[in-house]
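Chemist: Need coordinates for the following:
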Amino acid sequence: MSAPTKRLYIKTYGCQMNVYDSERMADVLAPLGYGMTDRPEDADLVVLNTCHIREKATEKVYSELGYIKQMKQARAEAGGQMTIAVAGCVAQAEGEQIMIRQPAVDLVVGPQAYHQLPELIARTHRKRGERLAADFAADEKFDALPVERNPTGVTAFLTVQEGCDKFCTFCVVPYTRGGEWSRPVETVLAEARDLAAKGVREVTLLGQNVNAYAGEGGLAGLARQLAKIEGLDRIRYTTSHPADMGDDLIAAHAELPQLMPYLHLPVQAGSDKILKAMNRAHTAESYLRLVEKIRAARPDIAMAGDFIVGFPGERDADFEATLQLVREVGYAGAFSFKYSRRPGTPASALPGQVADEVKEERLARLNALLDEQQRAFNVSQAGRVLPVLFERPGRHPGQLSGRSPYLQAVHVEGPDHLIGQIVPVRIESGQKMSLAGVLEMETA
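Modeler: Numbers count the residues shown, from 1 in each chain. Next up, the predicted model:
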């Protein structure tokens, strides 16, 4: 971790529990670049961790806030910034009234929510137009987008959005990548036209929260514009958030044959208690109803998902709720992970951390169910004729490898000149990871 770039002052009132909470606040704020100071006038962030037990406790807090307000004003006159937070029991009791009575206060956080401080601080900085100098460790799953590159085949990634405003408590993207930012529509279209001119037939639109794309017309409007580009026959996108799966995007799936019928829509868990702790902004029921709406619009769509097992506080009943959700949805593909305690992320400060052996057992059970569903979906394709985009020669002489609309690998015997073309293939068999078939007809 790099050296602290900001100074944090915490004044603790009351019991030993508050002392402990103050220590944890310092822990969760360290990755945002905050190091401790014992002088409030020197602090970039002042936290009053309050107690409501003693008489006149609230008035003592307001008195202290009066002094700190003067420090904040002096800092502003000198061209700097000071953020003031009220935490603890007075914050719980008074809530937003604190900010009404003392407008110098920037945020209020109760004693059960101090792990949300990174999110609240990040939102406060964004309102001021400031960028956080965070020191969260990068993570390939949540914090990396493939670099732009010249296409070497008939498929290509196309970044359209970066950052995230969702603040899931297990994720570092809002801190390391900042807020949601979308490339202008014309810039995306220009790049897509260039890719198509270079032989790309399929693009995958990328973003940490891609369906939050905020260019004109949103992701649905962008998909409609991309569908007009000659030679660009397939459009995919990843990764999505259920909260941003609007009716316009669902309608686009029904209207655009270029938009592939394979949707990666992470749910993460099937327990409402765990989803709330993850700050996911959806429930299991709302996710299931969303899947129903999507399937009503596009009956042939296949669903993929993401799952985290062993999140802090996950009990057996919570995990069983996840299994039940998987059974109800039926996934054609999925990514599943054991919860990993990332230092500095809000979830790392939550109570109820799950033992690793429990995570292992739950992950094995979840994967067995997901593998069974994926295999069943692939086997069910036998007898169907699917349009396959051939991408490359197969492993064996005379073999071609391509992708179905459902992102399945498809292997057939065929001539190399079909590479780069979309050809109907009769599927003969399905395995867990791929399909095997024969050319329904040869395209010149």
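Chemist: Next secondary structure after the lengthiest helix in the chain?
Modeler: Across the chain, the helix with the greatest residue count (assigned by DSSP state H) is helix 356-379. Downstream of helix 356-379, the next assigned helix or strand under DSSP states H and E is strand 385-393.
Chemist: buried set for that following strand?
Modeler: Using 16 or more other C-beta atoms under 10 Å as the test for burial, strand 385-393 gives 386-391. Just so you know, the C-beta spots here come from the backbone N, C-alpha and C atoms, and that holds for glycine as well.
Chemist: Can you report how many residues lie near the residue lying closest to Met71 once chain neighbours are set aside?
Modeler: Distances taken as C-beta to C-beta, 6 or more residues apart in numbering place Glu41 nearest to Met71, at 4.8 Å, with adjacent residues excluded. The number of residues packed near Glu41 is 15, by other C-beta atoms under 10 Å.
Chemist: Touching, Glu41 and Lys72? I think so.
Modeler: No - judged on C-beta atoms under 8 Å, Glu41 makes no contact with Lys72 at a distance of 9.7 Å.
Chemist: In a helix, the residue nearest to Met71, correct?
Modeler: Yes - when DSSP: H, G, I helix; E, B strand; the rest coil is applied, Glu41 is found to be in a helix.
Chemist: What distance do you get for it to Gln81?
Modeler: Using C-beta to C-beta, to the nearest Å, one gets 14 Å for the distance from Glu41 to Gln81.
Chemist: ok, now which ones touch Ala317?
Modeler: Residues near Ala317 by C-beta atoms under 8 Å, 6 or more residues apart in numbering: Ser271.
Chemist: Give me the distance between it and Glu41.
Modeler: 50 Å.
Chemist: cool, and Tyr114?
Modeler: Going from Tyr114 to Glu41 by C-beta to C-beta gives 24 Å.
Chemist: Could you do Leu369 as well?
Modeler: Per C-beta to C-beta, Leu369 is found 57 Å from Glu41.
Chemist: Then Glu59?
Modeler: According to C-beta to C-beta, Glu59 stands 22 Å off from Glu41.
Chemist: Can you get me a residue count around Leu195?
Modeler: Neighbours around Leu195, by other C-beta under 10 Å: 23.
Chemist: ok, Gln161 touching Gln208?
Modeler: Yes - if you go by C-beta under 8 Å, Gln161 and Gln208 touch, sitting 7.1 Å apart.
Chemist: what are the ranges of the helices in this structure?
Modeler: 16-29, 57-77, 89-94, 97-101, 117-127, 140-143, 173-176, 185-197, 218-226, 247-255, 272-277, 284-297, 316-329, 356-379.
Chemist: can you tell me which of the ones you listed comes nearest to Gln408?
Modeler: Nearest to Gln408, of all the helices of the chain, is helix 356-379, at 6.3 Å by C-beta to C-beta.
Chemist: List the buried residues of the closest one.
Modeler: Within helix 356-379, the residues that count as buried by 16+ other C-beta under 10 Å are 358-359, 362-363, 366, 369-370, 373-374, 377-378.
Chemist: Dump those to a markdown table, plus pLDDT.
Modeler: Listed next are the buried residues of helix 356-379 as a markdown table, based on pLDDT from 0 to 100:
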| residue | pLDDT |
| --- | --- |
| Val358 | 97 |
| Lys359 | 96 |
| Arg362 | 98 |
| Leu363 | 97 |
| Leu366 | 98 |
| Leu369 | 98 |
| Leu370 | 97 |
| Gln373 | 97 |
| Gln374 | 96 |
| Phe377 | 97 |
| Asn378 | 97 |
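Chemist: Need the max-distance pair from the residues you listed.
Modeler: The distance between the two most remote of those (C-beta to C-beta) is 30.7 Å, for Val358 and Asn378.
Chemist: Per-residue pLDDT of Leu122, please?
Modeler: Heads up, residue 122 is Ala, not Leu. According to the prediction, Ala122 has pLDDT 84.
Chemist: residues contacting it?
Modeler: 32, 132, 167, 174-175.
Chemist: Counting neighbours, what do you get for the residue nearest to Ala436 when sequence neighbours are not counted?
Modeler: Spatial nearest neighbour of Ala436, excluding adjacent residues (C-beta to C-beta, 6+ apart): Ser429 at 5.0 Å. Counted with other C-beta under 10 Å, the neighbours of Ser429 add up to 13.
Chemist: Quick check, Ser429 in contact with His411.
Modeler: No - using C-beta under 8 Å, Ser429 is not in contact with His411, being 10.2 Å away.
Chemist: Touching both of the two, which residues are there?
Modeler: The contact sets of Ser429 and His411 overlap at 435-436 (C-beta under 8 Å, 6+ apart).
Chemist: before we move on, back to that, okay, the helices of the chain, which one's buried deepest?
Modeler: Compared across these, helix 173-176 shows the largest average neighbour count, a mean of 23 (mean count of other C-beta atoms under 10 Å).
Chemist: Please work out the average pLDDT along that helix.
Modeler: Mean pLDDT, helix 173-176: 74.
Chemist: Now do that helix: which elements does it pack against?
Modeler: helix 117-127, helix 140-143 (3 or more C-beta pairs under 8 Å, 6 or more residues apart in numbering; DSSP states H and E).
Chemist: Put the alpha carbons of that helix into CSV.
Modeler: Extracted in CSV, the C-alpha atoms of helix 173-176 (Å, rounded to 0.1, in the frame of the first residue of the first chain):
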residue,chain,number,x,y,z
VAL,A,173,-14.4,-0.8,-9.0
PRO,A,174,-16.1,2.4,-7.7
TYR,A,175,-12.9,3.4,-6.0
THR,A,176,-10.3,2.2,-8.5
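Chemist: how far out from the middle of the chain is that helix?
Modeler: 10 Å (C-alpha atoms, centre = their mean, to the nearest Å).
Chemist: wait, isn't Cys164 in contact with Glu180?
Modeler: Yes - between Cys164 and Glu180 there is a contact at 6.0 Å, judged by C-beta under 8 Å.
Chemist: Between these two, which contacts overlap?
Modeler: Taking C-beta under 8 Å, 6+ apart as the criterion, Cys164 and Glu180 both touch 209, 212.
Chemist: Looking at those two, which is more packed in?
Modeler: Neighbour count, other C-beta under 10 Å: between Cys164 and Glu180, Cys164 has more, with 26 against 20.
Chemist: tell me the contacts of that one?
Modeler: Contacts of Cys164 by C-beta under 8 Å, 6+ apart are 171, 173-174, 177, 179-180, 208-209, 212.
Chemist: Looking at the residues you listed, which are in strands?
Modeler: If you go by DSSP state E, these have nothing in strands.
Chemist: can you put the buried residues of strand 385-393 in a markdown table and add pLDDT and distance to Leu407?
Modeler: Formatted as a markdown table, those follow (pLDDT from 0 to 100; distance: C-beta to C-beta, whole Å):
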| residue | pLDDT | distance to Leu407 |
| --- | --- | --- |
| Leu386 | 97 | 11 |
| Pro387 | 97 | 13 |
| Val388 | 97 | 11 |
| Leu389 | 97 | 11 |
| Phe390 | 96 | 14 |
| Glu391 | 94 | 12 |
